[in-house]
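Student: no sequence on this one, just coordinates:
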């Protein structure tokens, strides 16, 4: 048993019994950890509140990490980046739920990954502090692929097609899984930019749906076990 104090981002929480939660977090120091939070749905007097464990909440936790169990316990918790707008905007809430579902699926390692943690942390602060966020999730997912090892190879970006399977540009325009025409132009518009540049790009609702479906397909091809998120349809409804 080791007592660890670390930053942590809540990936998801599941109700356990009538009064408890099992909370999955991505911690800065030790990667993904799951915690049993006993009685948190019943007691109003304890230090730990259910509100602490909303999806993608950023915390500082002091926890007991056990070598003998996959479920650990949290002694103390503090919200370190209280969101100002995420919980009051339907669009932002929907994006956060969508991204938490994806991150819960793809981040599995119980080891430190500082660069990935800091990318998620700074991205969430960005969405909370900006108003125009309709394209946020598109760029978040594409740039996330850098940290997962399959960001598109842009060295041949002058070529007419982009192979989703190979992750690179190609002149083989008519092979399966190759983006061409409007699709490749939409995809290329996201390459190499940061969040501050994204609102200079004007997408129609249809464009946004096309790009998102392309990125989800790209993830399916490059991450074993990745499945289309259940919240994808909800996200598209909000933006339709």
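Tutor: Thanks, I have it. As the structure is a computational prediction, the values presented were derived from the model and not from experiment. Residues are numbered from 1 along each chain as shown.
Student: Quick check: which element contains residue 218?
Tutor: helix 205-222 (DSSP states H and E).
Student: hmm, who's touching that helix?
Tutor: 102, 106, 134-135, 137-138, 141-142, 145, 148, 150, 164-165, 167, 177, 179, 182-183, 186-187, 190, 203, 226-229, 232, 235-236, 239-240 (Cβ atoms under 8 Å, 6 or more residues apart in numbering). For the C-beta atoms, the positions are set from N, CA and C on the backbone; glycine is no exception.
Student: Drop anything exposed from the residues you listed.
Tutor: The neighbour-count criterion (16 or more other Cβ atoms under 10 Å) marks 102, 135, 137-138, 141-142, 145, 164, 167, 179, 183, 186-187, 190, 203, 229, 232, 235-236, 239 among the contacts of helix 205-222 as buried.
Student: so of the residues you listed, which ones are in strands?
Tutor: Within the buried ones among the contacts of helix 205-222, residues falling in strands by DSSP state E are residue 179.
Student: re the thing from before, flag every buried residue along the helix holding residue 218.
Tutor: So, applying 16+ other Cβ under 10 Å, buried residues of helix 205-222: 207-212, 214-216, 218-219, 221-222.
Student: With stretch 15-34 instead?
Tutor: For stretch 15-34, burial by neighbour count (16+ other Cβ under 10 Å) applies to 16, 20-34.
Student: can you give me the helices in this structure?
Tutor: 90-106, 114-129, 136-148, 181-188, 195-198, 205-222, 232-238 (DSSP state H).
Student: what's next to the last one, contact-wise?
Tutor: So that's helix 232-238. Contacts of helix 232-238 (Cβ under 8 Å, 6+ apart): 90, 91, 94, 95, 97, 98, 137, 209, 212, 216.
Student: State the pLDDT value of the third one.
Tutor: So that's residue 94. According to the prediction, residue 94 has pLDDT 95.
Student: Tell me, how many residues neighbour it?
Tutor: 18 (other Cβ atoms under 10 Å).
Student: could you list every residue that touches it?
Tutor: 231, 234, 235, 238 are the contacts of residue 94 under Cβ under 8 Å, 6+ apart.
Student: Just the buried ones out of the residues you listed, please.
Tutor: 231, 235.
Student: Can you lay out the contacts of residue 94 as CSV showing pLDDT and distance to residue 63?
Tutor: Listed next are those as CSV, based on pLDDT from 0 to 100; distance: Cβ to Cβ, whole Å:
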residue, pLDDT, distance to residue 63
231, 91, 28
234, 87, 32
235, 87, 32
238, 82, 34
